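> Following is a predicted model, sequence given first.
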Amino acid sequence: MTAGRSPLALLPAIDLAGGRCVRLVHGDFSEETVYGDAVAVARAYAAAGAAGLHVVDLDAARTGEAANRDLVAEILSAVHLPVQLGGGLRDEAAIEAAITLGAARVVVGTAGVEHPELLAEMAERYPGRIVLGLDHRRGATGRSRREVAVRGWQEGSGIDLLDALDEVAEVPLGAVLITDISADGTLSGPDLEGYRLVLANSALPILASGGVGSAGDLAALAGLEQAGRALAGVVVGKALLSGAISLEEAVASCAR
């Protein structure tokens, strides 16, 4: 372990659907748990000492329409924290609108995979503020076992996770958010093997997401190192919302 390494950045997740804070299991909208007022959740995280938030408009991720835009604006006004915003940002206008709204960083998923030229252009225009979201499902074995999904996880892209990373190796992204759909919302533990593969095959800052269920999971991610590289941050949703782990405990577990 490298001495004096920065803490693993912890980003509590607030997923929006139908104007509420929710969590899904495996990205399945039929397995939705409602956690109430999204603005209240954001304020609670801010009061507990969160360094930033990860907000996703799930409705927009499915349809491409910014269904929860007003609610996102309320969250941005309610907390004085950097907010990473994603969900349905599939063209230049949508990305610019999210940044104008006040998002510190924006997550581009489907558009980044299907239109790499748009991703590169936006990354050049907004240095350090564009995050590529690579949401994937684990398959059987080997390199091809992680297929990138698009359109709110509703469709497979046919693109392997490591191949997608290769495509953006020279793009000046703020980070790449790697979400393991197979574990998302399950509290079953993160895909440590997958993150080792990613760290070994990309020089970009990597954010982990999916499966965190305990302080031990966060400590494992904080201590993960491959090819001299470590994860830059982790997005945690259900574990915090369900009370499986407190924000204070989570922050302590990310301290390397």
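Okay, I see it.
> Against E155, how distant is E65?
17 Å (C-beta to C-beta, to the nearest Å). For the C-beta atoms, the positions are set from N, CA and C on the backbone; glycine is no exception.
> what do you get for G88?
14 Å.
> between these two, who's got more neighbours?
G88 (26 against 10; other C-beta atoms under 10 Å).
> can you confirm that one is in a helix?
No - G88: not assigned to a helix; according to DSSP: H, G, I helix; E, B strand; the rest coil it is coil.
> Setting aside sequence neighbours, what's the nearest residue to it?
Among residues not flanking G88 along the chain, A60 sits closest, at 2.9 Å (C-beta to C-beta, 6 or more residues apart in numbering).
> burial count for that neighbour?
For A60, using other C-beta under 10 Å, the count is 25.
> helix or strand for it, which one?
helix 58-63 (DSSP states H and E).
> If you count contacts, what does that helix end up packed against?
strand 9-17 (3 or more C-beta pairs under 8 Å, 6 or more residues apart in numbering; DSSP states H and E).
> The strand it packs on: partners in the sheet, and parallel or antiparallel?
strand 20-25 (antiparallel), strand 53-57 (parallel), strand 233-236 (parallel) (DSSP bridges).
> With respect to those strands, which exhibits the lowest mean confidence?
Across these, strand 20-25 has the smallest mean pLDDT, namely a mean of 91.
> ok and the following helix or strand past that one relative to strand 9-17, angle-wise?
Proceeding N to C from strand 20-25, the next assigned helix or strand is strand 28-36, under DSSP H and E. Orientation note: strand 28-36 sits at an angle of 110 degrees relative to strand 9-17 (axes from the mean of the first three to the mean of the last three C-alpha atoms, to 10 degrees).
> what sits up against strand 28-36?
17, 20-25, 41, 58, 62, 185, 238, 241 (C-beta atoms under 8 Å, 6 or more residues apart in numbering).
> Go again with 6 Å.
Strand 28-36 has contacts (C-beta atoms under 6 Å, 6 or more residues apart in numbering) with R20, C21, V22, R23, L24, V25, L241.
> do stretch 150-164 as well
Applying C-beta under 6 Å, 6+ apart, the contact partners of stretch 150-164 are 27, 61-62, 110, 113, 134-136, 144, 146-149, 181, 201.
> list the buried ones in stretch 30-44?
Of the residues in stretch 30-44, E32, Y35, A38, V39, V41, A42 count as buried by neighbour count, 16 or more other C-beta atoms under 10 Å.
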